[in-house]
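In: Predicted model follows, preceded by the sequence.
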Amino acid sequence: MPYSATKGVCVRSMTYLYVQKRPTAMEWLPVEDLRRREGVGRWGAERRSSTKGRAQAVRCEGCNGSEPQSGRSRSWTRKRLHAVASPVPTATKRVFTFGKGMSDGDKSMKSLLGGKGANLAEMASIGLSVPPGFTVSTEACQEYQEGGRKLPAALWEEILEGLSAVEEVMGARLGDPSKPLLLSVRSGAAVSMPGMMDTVLNLGLNDEVVAGLALKSGERFAYDSYRRFLDMFGNVVMGIPHSQFEEKLEALKAVKGVKQDTDLAAADLKELVTRYKNVYTQAKGEQFPTDPKRQLYLAVIAVFDSWDSPRANKYRSINQIKGLKGTAVNVQCMVFGNMGNTSGTGVLFTRNPSTGEKKLYGEFLINAQGEDVVAGIRTPEDLDKMKECMPEAYDELVENCNILERHYKEMMDIEFTVQENRLWMLQCRTGKRTGKGAVKIAADMVNEGLVDKRCAIKMVEAAHLDQLLHPQFEDPSAYKDKVIATGLPASPGAAVGQVVFTADDAEAWHAQGKAVILVRTETSPEDVGGMHAAEGIVTARGGMTSHAAVVARGWGKCCVSGCSDISVNEADKVVVIGNTVVQEGDWLSLNGSTGEVILGKQPLSPPALSGDLETFMSWVDETRQLKVMANADTPDDALTARKNGAQGIGLCRTEHMFFASDERIKAVRKMIMAANLEERQRALDLLLPYQRLDFEGIFRAMDGFPVTIRLLDPPLHEFLPEGNIEDIVAELAAETGTSEDEVFSRIEKLSEVNPMLGFRGCRLGISYPELTKMQARAIFEAAISMSNQRVKVFPEIMVPLTGTPQEFEHQVGLIRTVAQQVFTEMGTSISYKVGTMIEVPRAALVADEIAEQAEFFSFGTNDLTQMTFGYSRDDVGKFLPIYLSKGILQNDPFEVLDQKGVGQLIEIATERGRRARPDLKVGICGEHGGEPSSVAFFAQAGLDYVSCSPFRVPIARLAAAQVVVV
């Protein structure tokens, strides 16, 4: 590897290093950059190198160069600092050493060193006992993958240099029988992926080295380590199924009449080593590799390859882990927990991850290696057992746990080994926890003074709140063998019920007190009654933003959508899932958080609400600046929203009220079928009292908070019955008293090629002004009625799908005229606002013109996304999964806001709208209002509020607070 000649290095601040690389060329480099380019270890710590021809590091007392300015002049009269740095190479540094109180990296370098490597470096630097080693960076993995899966020669040279550094520290050599050094080789990405990638232990053993190890540590230990290495290397590196080695082990134990591995004698283990070698030879057609450096070379490649394994790719897909460079490789000298009864290994959490209780929670095995705990080869003991048999090591472990909690200000997950009563720390990372545990840990750490409220807010994730706000299965592991299908996790929580296939049956069974699961090929607005009555919903078609998904999330109801494995036969009332036939009345359980469909009745536990959650959410509300409102269409929805902390209703969809009863939907259909204004007005007069009654209930529920009511938005065909055309015509003719010919003619006129871009939104109100007038009258009459009952009302009327200022001007004129009429008739007035939804890209571009009359904007991000991308939400499922799998899109834009495109339109509209009207209120009411990363964008874009489904209000509140504290 070529290196530039370095003449000298000096330190002027903790931020920059001054590097004179040539007599005439000087530059300031950030410390982090210099470290990555083979620069420095800890300050004042000399770095040695075995590479020939490099210039020696120089300790500098001063320098004539000028430090970069950071807004103000920095005096060079500061206290001079000494540092010894290795020369700066021309290539990026890829191998980072750690151990003996020193390290090249730290916890901030997770993207480069992976979580494991960064934390090993950090533990070493704060003085904990960490086995010395080195980390090969994630960038090296990326280079390997992009280079056709070939390990660059220069990288291998760096790895050998890292190995030399470890050998020097340990006074041992890889492959030296007299001073044997054994290594562990582990993966470690920037984001924890438990069990997804590979590990090799005891690397460096061969027949000569194991003999030398036996002289030092005893035959049983040496050959136990050797047989473990043969198994792991054969499986992980060479792809031989672990079961082939396990069969030999079990056969030997049976012959020897023992149950545990630990009961095998040294001679037995020698025999097992021979059998394992034969497994390798038979599987690979060659001898086991005996050169330890060759073993290391192959192991590094295996770890890099495990990054792209099917299970790792699947895990990243499920957990939406994207944008990582690859996995790092952590190579450490081995420490042994299998050296007898004074040795052992364990895994622990510094607090209980399920409950949050402040008590060490973990398991420990005497005379074992770490993989024994993870693999379940032996049943571990409770951690308290260690306190009895290794009290000194236990006390040190407790102290280390306290040190790590104070240092990281987090609950930690720790792996450790005790070798002959000496404690070694093998790994630490932020511990995964349940929702209940997360909230309690955050609250307790604030009360203990370990973190402040702002730090606590960062410790709880949206998924944690999801768990607390929805029922969960008592033991998800208990039903794994009963999972019969998997779809999209459209709405979280758990549900158990008897299968029904129609919305009518769902309502009827629910009325009888039965819990039901509604199974449909797909749902429509006409199914809402049955959907509301059901405990959970399964659909064969549809995505995360399908009708079923959106409605279910709005109600906090469990839903699995897009379950393509199922075939629904509504006529015969059966659903076929593979070889399983489920009939009406059979029990199913749904996990809406994972998308699993489970056979039978699985036990549930209610939402785990607690006093800690209430306290935590009060901190959230103290911190956030963005208001959180809710999308609610009924008084019950509004009450739920308020209970969950909503500060108003950001979207009340009037069309959903029309499906509440047969009388209402029939009145709507009469309005649609009306041949003239007179007939249409009669139908609207029937709808007026229903609308007024619902608005009164919502105003009452939201006493003191604003309520934003959207005028009728969807195309009229959505209110027509489903089925074949003859049945629809006959049904409508009977309902409306219209001839079948007239009905058929009217349906033909309503037919559209693309209804979502057709006759809907303000286009309905402009074509049928009496419709807008009826809805406005219902709103104002309800508001004044409630105001007269001392309810504080703040109505906001929202015009949907505005694309031009003229459209909005037409509608706002009608609304204000009706307002004056109602105020005159009722002898009083109220304050109100009229605004518009920004869903059409053109509206965003002419927002300044629209804002001249609009008092608020609400971005309908579902339709704005649809129109900006040109994707039909109803058809996107045909190609979106392909786009996501190929990396054309990083996220489903209907779930996670497209910040570059749709987000830019939001920013443009907000800026232009406020330029025309500085007091313009701006918010969003699409599904993105409850998605944490989207909420963060809305806050940064300067919006006043987000509005989401009632059950996602706490999540939006948390996301809004986390924007402030990050």
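Out: Done, it's in.

In: contacts, neighbours, all on C-alpha from now
Out: Fine.

In: residues of the helix or strand N862 falls within that come out buried?
Out: Assigning secondary structure by DSSP states H and E places N862 in helix 861-869. Neighbour-count burial for helix 861-869, counted by 16 or more other C-alpha atoms under 10 Å, picks out T861, N862, D863, L864, T865, Q866, M867, T868.

In: Isn't the first one up against G930?
Out: No. If you go by C-alpha atoms under 8 Å, T861 and G930 don't touch, sitting 11.7 Å apart.

In: Find the nearest non-adjacent residue to T355, please.
Out: Nearest non-adjacent residue to T355, counting by C-alpha to C-alpha, 6 or more residues apart in numbering: G437, 4.4 Å away.

In: what's the domain layout of the chain?
Out: Following automatic domain parsing, one gets these domains for the chain: 1-93, 108-333, 344-463, 478-605, 624-715+752-965.

In: now the ones you listed in CSV, with distance to M617 and mean pLDDT?
Out: Converted to CSV, the domains of the chain look like this (distance: least, C-alpha to C-alpha, whole Å; pLDDT from 0 to 100):
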stretch, distance to M617, mean pLDDT
domain 1-93, 37, 35
domain 108-333, 26, 92
domain 344-463, 9, 89
domain 478-605, 19, 88
domain 624-715+752-965, 8, 94
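
In: ok so, going back, does the residue nearest to T355 touch M411 like I think?
Out: No. The criterion here is C-alpha under 8 Å, and G437 misses it with M411 at 10.1 Å.

In: more neighbours, those two?
Out: Neighbours of G437 and M411, each counted by other C-alpha atoms under 10 Å, are more numerous for M411; the result is 28 against 20.

In: quick one, phi psi at that one?
Out: M411 adopts backbone torsions of phi -80, psi 130, taken as degrees, to the nearest 10.

In: who's in contact with it?
Out: By C-alpha atoms under 8 Å, 6 or more residues apart in numbering, the contact list for M411 reads F349, T350, R351, E405, T430, G431, I441.

In: The same query, at a cut-off of 10 Å, please.
Out: With contact set as C-alpha atoms under 10 Å, 6 or more residues apart in numbering, M411 has these partners: 349-353, 356, 358, 401-402, 404-405, 429-433, 438, 441-442, 445, 459.

In: separation between it and Y394?
Out: 18 Å (C-alpha to C-alpha, to the nearest Å).

In: before we move on, the earlier item: okay, and the common contacts of G437 and M411?
Out: With C-alpha under 10 Å, 6+ apart as the test, G437 and M411 both reach R351, N352, P353, G356.

In: mind giving me JSON lines with these and columns for distance to N341 and neighbour count?
Out: Formatted as JSON lines, the shared contacts of G437 and M411 follow (distance: C-alpha to C-alpha, whole Å; neighbours: other C-alpha atoms under 10 Å):
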{"residue": "R351", "distance to N341": "27", "neighbour count": "24"}
{"residue": "N352", "distance to N341": "27", "neighbour count": "21"}
{"residue": "P353", "distance to N341": "29", "neighbour count": "27"}
{"residue": "G356", "distance to N341": "32", "neighbour count": "22"}
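
In: so which of the residues you listed comes closest to R873?
Out: Taking C-alpha to C-alpha as the measure, P353 is the one of those closest to R873, at 39.3 Å.

In: Grab the nearest non-local neighbour of that closest one.
Out: R433 (4.5 Å).

In: quick one, helices of the stretch 201-350 of the chain?
Out: Ranges of helices within the stretch 201-350 of the chain are 207-217, 219-232, 242-256, 266-284, 292-306, 310-318, based on DSSP state H, counting those that start in this stretch.

In: Show me how far the longest one is from its chain's centre.
Out: Here the centre of helix 266-284 is set off from its chain's centre by 44 Å, with C-alpha atoms, centre = their mean, to the nearest Å.

In: For this structure, list the residue farthest from the centre, please.
Out: Centroid-distance maximum for the chain: S739 at 55.1 Å, with C-alpha atoms, centre = their mean.

In: Just give the number of residues close to the closest residue to that residue other than its chain neighbours.
Out: Excluding its sequence neighbours, the residue lying closest to S739 (C-alpha to C-alpha, 6+ apart) is A733, at 5.7 Å. By other C-alpha under 10 Å, 19 other residues sit near A733.

In: In contact with A733, which residues?
Out: Each residue near A733 by C-alpha under 10 Å, 6+ apart is listed here: K670, M673, D727, S739, E740, D741, E742, V743, F744.

In: Which of those sits closest to N313?
Out: Proximity of the contacts of A733 to N313 (C-alpha to C-alpha) peaks at D727, which lies at 49.0 Å.

In: Tell me the pLDDT of the closest one.
Out: As predicted, D727 sits at a pLDDT of 78.

In: for it, what are its contacts?
Out: Taking C-alpha under 10 Å, 6+ apart, we find D727 in contact with P721, A733.

In: Now do the buried residues in the longest helix belonging to the chain.
Out: Counting by DSSP state H, the longest helix found in the chain is helix 677-701. Under the neighbour-count criterion of 16+ other C-alpha under 10 Å, helix 677-701 has 680-681, 683-684, 686-688, 690-692, 694-701 buried.
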